[in-house]
Structure formats: C-alpha cells, structure tokens
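S.K.: Next input, structure requested:
(chains A and B)
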Amino acid sequence: MVRKVVETHGVEFSYVGRDGSGPGTKALDGISLSIEKGEFVAVVGGNGSGKTTFARMLNALFEPTAGAVFIGGIETKDKERLWEVRRLAGMVFQNPDSQIVGATVEEDVAFGPENLGLEPEEIRRRVRDALRHVGMEEDGDTPPHLLSGGRKQRAAIAGVIAMKPACLILDEATALQDPVARKDIMELLRRINREEGMTVIHITHDMEEAALADRVIVMAGGQVALDGTPREVFSRVSRLRELGVHAPYVTELFELLREEGFELPSGVLGVDEAASALGRMLTGRGYAFHTP
Amino acid sequence: MKILLAAVFMTLVFLADAYSSFLLLIVFSVTAACVAGRPLGHSVKGLKPFLFITLFTVALNTVAVSGMSQDGSGCFSSVIREGVVLSIQIVLRLFLLLTGASLLTSTTTPVSLMDGLEAMLKPLKRFHVPVHEAATVMAMALRFIPVLLEEAERIYQAQASRSAVFDSGNPLKRAGRCVPVLVPLFVGAFRRADELATAMESRCYRGSGGRTRMRRLSFSRADSLCASTMLTLTAAFVCIEYVM
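M.R.: Model prediction:
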C-alpha cells in the first residue's frame, strides 16, 4: 500500500479564456504537497483561492497545465488508469440534489460499484456496509427527495464509500447544510477517519469544522499559504486576515487577548479548551474560579 | 415482463367490442388491482383528472357519431343511441387503460421499469440504437421531476415576493407570465445537469461498457403466473370476440 495517498508536484492550472484563446488567470500556481494515508485534512481559503479547482484536480476532472498529481501513486494524466484514479479519489459535492443519481438511496449507493463492474453480490454487500457506516440502514428504499438535506449528503457519502476509495474528498459538502447537519457530517467523517483509517480531505468555509481536522491547509491566490496543525495555523491571526480567512472565533478572541497582554496560551481550539485556559489564568491571578 | 403484459392488456382493451368481453376485462383489472393490494378507490381517484377529458370525449362522440351516420339509418333516436353506446365504450376503454397503466406504474419503481425496458430493447443495440443511454436519460428524467418541481415552486415564490402576478388575467397573459419562472428553471436545470454529469463522471460512470447491476432481473414464479393468467385472458377474449 502506498503511504502517500495524494502527492502533487508544482501543480499549476489555468482556466482557458472564454474565446478559447490563451490561458486565463492561474487558478492554481505551484502547489506541492503530500497527504498521507489516514490524515484528516481541512482545506480552507477565500472564494477564488483555488480550493475547488484543487479538489477537481485530485479527481482528474481537471488536468494540471503544469506539474503532476499522483493519487495512490498513479498519475492523474494517465488516461488508461483514469477510472482507477476516480475510484481512489472519491468526491462528494456541495449540492446533494445534483449528485444523487438513483431513485432510491440504495440504488444511488449502488451506482458507483455498478460502474466498477462488480458482481451483484459484492455490490449488495458494499451497499449494506456503506449504509451502515453512515447510519442509514433503514433508509435503503427511501426516494432521495424525501430525505432531509443532511441525510441526502450522508447518502452521497455512502455512495462514495461503497467504491472503497483511498481518500474521501468533500468539496464544500457542508456548505448548504444547517448547523445540526454540519455537526452530524463532521462527526461521521471523523468516525470514518478514525475507525476505517480513511483519508479525508475536507474543503470548507467553516473554520470551526477546520479546527476539528488534524491538519489545515490555507489556500490563497492558487498557492498554499499556510499548512500545519489547526493550532499552528489558527494562532497566526493577522496572517490569516491577510489571506482573507479568519481563525475560529474563540481562537481569534484569545489571540487578541494575548496581544493585550493576558497570559493565555496560543492556538486555543474550542470552547472547552478556552474555558479551562481562562480558568487557569484567573486562578493564577488569585481569583476564585470554578470550572463549570 | 410487466411492460409486455400491460401492453397486451392495452391491445386487448382497444380491440374489445362486445359487452361480455368488456365485462371480462373489467373483472380482470379489478381482481388484478385487488391482488396487487391496491384499493380500487385509489385508482378511481387517480381517474379524476381525466374526468373532464372523458366527458368531453363523450359529448364529442355523441355529436360526431350521430352526425356521421345520419343518412345511413333513418331513425334519429337510434342514431343518438349508437353514439351514446360508442361513447360509453370509449369511457370504459379509457378507464381500463388507466387502471392498467396505473397498476403497472404503482407496483414497479421507475428504475426497474427502465431496466425492464432496457432489457426488452436490447436487440436493437445491434442496429446501433443507444438503448442503455436512452434508458439512463429516462431514469434521470424521472429522478429529477420532484427536484425540478421543488425548484419551480421556489422560483415562483421568489418572483411572487418581488410582486410578480401569476393568477389573474386571461389565459394568454397568464402563459406570458410563466416566462419569468420558466427561464430561471431552465437555466437551473442546465446547471444541475452539468453538476450531475460531473458527479456521475467522478463516480466512474462511463456509459454502458463494463457496468453491472446490483439487481439482476429474473423471471420469477409470479411472473410466469401472471403470464399464464394473461394468456388465459387473451384466449377467453378471443373466444368471446371472434368465435361467439
């Protein structure tokens, strides 16, 4: 098994101008990175930073104009192994309504494996397993338009899992969901990542979601601007501002307090951590403080 | 299989002429509906939208048939009767057709229908008819009807909230006012189609080649039972119509 699930070397990509003339602006400008098996990576960045282009690059929907992309050791330019690349890089898109193909959840989950030309028994088994992973065993016969948005997106995730990909790429898959569904999907992704060792690449605008990842990549102007653990990345509040994104609110608040001279740790993630850090500081200053 | 049976049934409906054969067909469709576990009231309810068209046909037929054979038979009242009889037959025919069709569609999911159709038309592949592609297109169309309806409703409301008026004026004006709904709906549909194509492609869809199905269509015992029932029915029908 190749340890590096995703590897890119100096990837560039330009959308062709509308009149088909010369290349337009560079959407991706020299991206070199590698993602190991089992990592949970969040990709964030403002609109037009190249996140979505990058995702489509991984699925061989776009071919790099320069550089190379390897998925599980296979180059995406390799036309003969194109379908293998597409299988290994399972994509979930933003709008569940325009990616669900089947008339029932079960049929939709079966769509991918059917395309791979598997035996009916194997397809059946995969569909069952995939539905179990996303907690939708009961919904196999439901028509997708009767599901809630969150459950539709779960069904879409199941459809990708059933193809046994090497990594799960979510292209703003939570953007159209309400907060409850978002939280749900994040928990689901974390669980699949932990239990199955599935590599997850989660493209998102939601910084609170990004904070739950193992690694955060901030993109700006088609380049990787920051890359590190959420703690490292989100502690750089002013740099993030420059890049057109912001840290999670709690993290940002604590960084601002630090600048004001409060003795607080850097890169605080989440409300619980913030509360205990605040507690320690106050106790240190002689205030009586009870952690709730 | 069901498609074939339904087709046979419908042919019979069209051929039926004698009262007794009508009776036979009615009895058959009612029992079939019962066997399928669908209350008859349901299918009658399904007929409601067709009531108007039915009535219209009746009226038209009464008039037209009366007019046509006026010089043939002298007695005016008998002509009227002929027209009425014919229109009753037509109503029955319509009723039977609709129950037959609704029986087919209510007991079979669109996808298995499409699968069936695809399997049935497979021989055409030899003549380079893209059977699989056509069936997929149909299946997609069926799948996206609810989605598009939802979207149409949303656009309608969006336009209405910007004080577009839809429900007054003469029919022509009303039709004209549909344009602000239809245009965004079409644009949306195309965008959606593009997204769908991308999603399908990223899930390794590449046309009919190398694709397998989770559900194999099989000729079950129930199917052979249905087929033999249909055969008996056809036989009885032929007896009534042509022998008696």
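
S.K.: Do me a favour and average the pLDDT over the strand or helix carrying B:Val85.
M.R.: Here B:Val85 sits within helix B:76-107, counting by DSSP states H and E. For helix B:76-107, mean pLDDT rounds to 66.

S.K.: okay, how far is it across stretch A:251-267, tip to tip?
M.R.: By CA to CA, to the nearest Å, the extent of stretch A:251-267 from end to end equals 6 Å.

S.K.: same question but for stretch A:76-85, I mixed them up
M.R.: 6 Å.

S.K.: Which residue ranges make up the domains of the chain?
M.R.: Answering for chain A, as no chain was given. Listed domain ranges for chain A are A:4-247, A:248-284 (source: automatic domain parsing).

S.K.: My question was about chain B, not that one.
M.R.: Split by automatic domain parsing, chain B gives B:1-130+B:221-244, B:132-207.

S.K.: just to revisit the earlier point, of the domains of chain A, which stretch is the most buried?
M.R.: domain A:4-247 (a mean of 20; mean count of other CB atoms under 10 Å in any protein chain shown). For the C-beta atoms, the positions are set from N, CA and C on the backbone; glycine is no exception.

S.K.: A:Met281: what secondary structure?
M.R.: When classified by DSSP: H, G, I helix; E, B strand; the rest coil, A:Met281 comes out as helix.

S.K.: surely it meets A:Val268?
M.R.: No - under the criterion of CB atoms under 8 Å, A:Met281 makes no contact with A:Val268, lying 11.2 Å away.

S.K.: hang on, A:Ala156 packs against A:Val101?
M.R.: No - the pair A:Ala156 / A:Val101 is not scored as a contact, 9.8 Å apart, by CB under 8 Å.

S.K.: shared neighbours of those two, which are they?
M.R.: Taking CB atoms under 8 Å, 6 or more residues apart in numbering or on different chains as the contact rule, A:Ala156 and A:Val101 both touch A:Asp108.

S.K.: about what we covered before: now distance to chain B and mean pLDDT too, for the domains of chain A, in TSV please.
M.R.: TSV is the format used below for those (distance: least, CB to the nearest CB, whole Å; pLDDT from 0 to 100):
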stretch	distance to chain B	mean pLDDT
domain A:4-247	4	88
domain A:248-284	30	86
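
S.K.: Mind checking those domains for the one nearest to B:Leu196?
M.R.: domain A:4-247 (5.0 Å; CB to CB).

S.K.: mind putting the domains of chain A in TSV, distance to B:Asp194 included?
M.R.: Formatted as TSV, these follow (distance: least, CB to CB, whole Å):
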stretch	distance to B:Asp194
domain A:4-247	8
domain A:248-284	34
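
S.K.: can you tell which of those domains is closest to B:Val187?
M.R.: domain A:4-247 (13.7 Å).

S.K.: nearest to B:Pro146, of the domains of chain A?
M.R.: domain A:4-247 (4.1 Å).

S.K.: Can you give me the first-to-last residue distance of that closest one?
M.R.: End-to-end distance (CA to CA), domain A:4-247: 28 Å.

S.K.: Run through who's touching whichever strand or helix holds A:Leu226.
M.R.: In the assignment (DSSP H and E), A:Leu226 maps to strand A:223-228. For strand A:223-228, contacts defined as CB under 8 Å, 6+ apart pick out A:28-33, A:45, A:50, A:215-219, A:233, A:236, A:239-240, A:243.

S.K.: Sort out for me which of those residues are in helices.
M.R.: Residues of these located in helices (DSSP state H): A:233, A:239-240.

S.K.: Give me the phi and psi angles of A:His202.
M.R.: phi -110, psi 110 (degrees, to the nearest 10).

S.K.: Oh, that last question was meant for A:Gly267, not what I typed.
M.R.: phi 70, psi 50.

S.K.: mind listing what it touches?
M.R.: A:Gly267 touches A:230-232, A:234-235, A:251, counting by CB under 8 Å, 6+ apart.

S.K.: quick one: the strands in chain A?
M.R.: Per DSSP state E, chain A carries strands over the ranges A:4-16, A:23-36, A:40-44, A:66-71, A:74-75, A:89-92, A:167-171, A:199-203, A:215-220, A:223-228.

S.K.: Would you mind putting those into JSON lines with distance to A:Arg56 alongside?
M.R.: Rendered in JSON lines, the data for the strands of chain A read as follows (distance: least, CB to CB, whole Å):
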{"stretch": "strand A:4-16", "distance to A:Arg56": "9"}
{"stretch": "strand A:23-36", "distance to A:Arg56": "10"}
{"stretch": "strand A:40-44", "distance to A:Arg56": "12"}
{"stretch": "strand A:66-71", "distance to A:Arg56": "11"}
{"stretch": "strand A:74-75", "distance to A:Arg56": "16"}
{"stretch": "strand A:89-92", "distance to A:Arg56": "8"}
{"stretch": "strand A:167-171", "distance to A:Arg56": "8"}
{"stretch": "strand A:199-203", "distance to A:Arg56": "10"}
{"stretch": "strand A:215-220", "distance to A:Arg56": "14"}
{"stretch": "strand A:223-228", "distance to A:Arg56": "17"}
